[in-house]
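> Using only what follows, build the 3D model:
(one chain, ligands or ions: 2)
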Amino acid sequence: MNLPPDYHTHNYLCRHAEGKLTEYAKAALQIGVAEIGFSDHAPMEQDPFDSWRMLRTELPCYLQMLEQARTEYPQLTIRAGLEVDYIPGMESWIKELAGLYDWDYFIGSVHYLDNGWDIDNPEKKELWEKADVDKVWKLYFERLTQAAQSGLFNIIGHCDLVKKFNFLPKSDLSQSYRQFLQAAAQTGTAIEINTSGWDKDCHQAYPSAEILSMAFQEEVALTFGSDAHSPGDVGKNFTNAIKLARHAGYTHSICFERRRPIKTYPLL
Ligand SMILES: [Zn+2]
Ligand SMILES: [Zn+2]
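Ligands and ions are numbered 1, 2, ... in the order given. Predicted coordinates for the structure are as follows:
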């Protein structure tokens with residue numbers, strides 16, 4: 001077993017992934033990740049919201065599947081998490097969610113910007129053609145900074161998801177990146193290396209090597225996530241991600257239990 005914990009995985013409940021939690025757990029054991037964390041898209045306070053998350057009424061089913069995976073695979077450390085959308089104004093719902101179960105961590109992700117635009121949605125890719133790309137990137141990192149400052153999350157997900165379709169800014173946004181990372185460091189919020197970006201138009205992990213090096217300088221802790229949408233993707237590209245992390249200076253990833261960092265895992 002020499003791959004770090006995979007803390008970012010989905011399942012069939014979010015309507016665009018496949019497989020039950022037990023299948024992801026089985027895959028985790030096969031590939032040899034140290035721990036698996038489930039982090040499906042959290043329900044919103046009111047349904048319907050969008051087409052890519054569990055309904056509020058399905059949360060008990062998610063938790064039941066999680067308990068079942070823990071029962072079937074006692075030899076595997078299974079963490080209970082959610083990938084929670086950070087949208088200003090929804091803080092009280094996020095706090096309510098946090099009280100609904102004995103979670104190990106929350107990944108805070110920004111998918112939505114203003115006007116209900118989920119910037120990574122392939123069905124809305126044409127909105128990128130009309131957008132002021134630099135402005136969108138700037139707003140994205142402002143939102144991430146707010147998410148980190150909120151202290152509502154243990155990990156910020158795929159922190160440069162805004163590059164997914166390869167619409168890249170012309171100006172230097174390094175100050176925006178640093179502001180976000182300093183906010184993360186201040187609140188003890190980690191970031192993740194999300195390996196799913198390698199399979200997208202940007203052909204890079206999230207975040208870029210530049211942001212990752214900056215994160216290391218700012219002493220922001222790191223987790224690994226495949227963002228698996230099928231069991232076969234658990235731990236995908238982790239060997240490359242370890243190289244990237246080590247190149248940035250990281251020697252360990254961090255583990256969460258009951259929403260606190262409990263230990264580190266060496267990147268070998
Ligand atoms: Zn996401
Ligand atoms: Zn995800």
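> For the rest of this, base every contact and every neighbour count on C-alpha atoms.
OK.
> Residue 179 is in contact with residue 218, correct?
No. Taking contacts as Cα atoms under 8 Å, residue 218 lies outside contact range of residue 179: 10.1 Å.
> Put the alpha carbons of the longest strand that the chain contains into PDB.
Counting by DSSP state E, the longest strand found in the chain is strand 77-85. In PDB, the C-alpha atoms belonging to strand 77-85 read as follows (Å, rounded to 0.1, in the frame of the first residue of the first chain):
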ATOM      1  CA  THR A  77     -10.200   3.100   6.500                       C
ATOM      2  CA  ILE A  78     -13.300   4.700   5.000                       C
ATOM      3  CA  ARG A  79     -13.900   8.400   5.600                       C
ATOM      4  CA  ALA A  80     -17.300  10.100   5.400                       C
ATOM      5  CA  GLY A  81     -17.300  13.300   3.500                       C
ATOM      6  CA  LEU A  82     -19.200  15.500   1.100                       C
ATOM      7  CA  GLU A  83     -18.300  17.800  -1.700                       C
ATOM      8  CA  VAL A  84     -20.200  20.900  -0.700                       C
ATOM      9  CA  ASP A  85     -20.800  23.800  -3.100                       C
END
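> which residue is nearest the centroid of the chain?
Nearest to the mean C-alpha position of the chain, by Cα atoms, centre = their mean, lies residue 157 at 3.0 Å.
> which residues does it contact?
Residues in contact with residue 157 (Cα atoms under 8 Å, 6 or more residues apart in numbering) are 83, 107, 108, 109, 110, 191, 192, 194.
> Ramachandran angles for the closest residue to it other than its chain neighbours?
With sequence-adjacent residues excluded and distances taken as Cα to Cα, 6 or more residues apart in numbering, residue 157 is closest to residue 109, at 4.9 Å. Residue 109 adopts backbone torsions of phi -120, psi 140, taken as degrees, to the nearest 10.
> can you check residue 257 too?
Per-residue torsions, residue 257: phi -140, psi 130 (degrees, to the nearest 10).
> Run a quick neighbour tally on it.
For residue 257, the count of nearby residues is 16 (other Cα atoms under 10 Å).
> Which helix or strand lies directly C-terminal to whichever helix in the chain runs longest?
Secondary structure of the chain per DSSP state H: the longest helix is helix 133-150. Downstream of helix 133-150, the first helix or strand assigned by DSSP states H and E is strand 155-156.
> Tell me how far that following strand lies from the chain's centre.
6 Å (Cα atoms, centre = their mean, to the nearest Å).
> Equivalent analysis for stretch 24-39, please.
16 Å.
> and the end-to-end length of it?
Using Cα to Cα, to the nearest Å, one end of stretch 24-39 lies 12 Å from the other.
> what sits opposite residue 82 in the beta ladder?
With DSSP bridges applied, residue 82 shows beta-bridge pairing to residue 40, residue 106.
> Quick check: it touching residue 104?
No. The pair residue 82 / residue 104 is not scored as a contact, 9.1 Å apart, by Cα under 8 Å.
> Over to residue 63. Which of the three states is it?
Following DSSP: H, G, I helix; E, B strand; the rest coil, residue 63 is assigned to helix.
> What is the burial count for it?
Residues near residue 63, counting by other Cα under 10 Å, number 15.
> From residue 75, how far out is residue 255?
For residue 255, the distance to residue 75 equals 17 Å [Cα to Cα].
> ok, those two, which is more surrounded?
Relative neighbour count places residue 255 above the other of residue 255 and residue 75, with 26 against 9, counting by other Cα under 10 Å.
> And for the host helix or strand of the more buried one, what's in contact with it?
Assigned by DSSP H and E, residue 255 falls within strand 252-257. Strand 252-257 has contacts (Cα under 8 Å, 6+ apart) with 4-5, 79, 103-105, 221-224, 261-267.
> Which SSE is immediately downstream of it?
strand 260-266.
> picking up where we left off before, which strands or helices does the longest helix of the chain pack on?
Judged by 3 or more Cα pairs under 8 Å, 6 or more residues apart in numbering; DSSP states H and E, helix 133-150 is in contact with strand 155-156, helix 174-187.
> Burial-wise, tell me which of those comes out on top.
Mean neighbours per residue, mean count of other Cα atoms under 10 Å, is largest over the helices and strands packed on helix 133-150 for strand 155-156, with a mean of 28.
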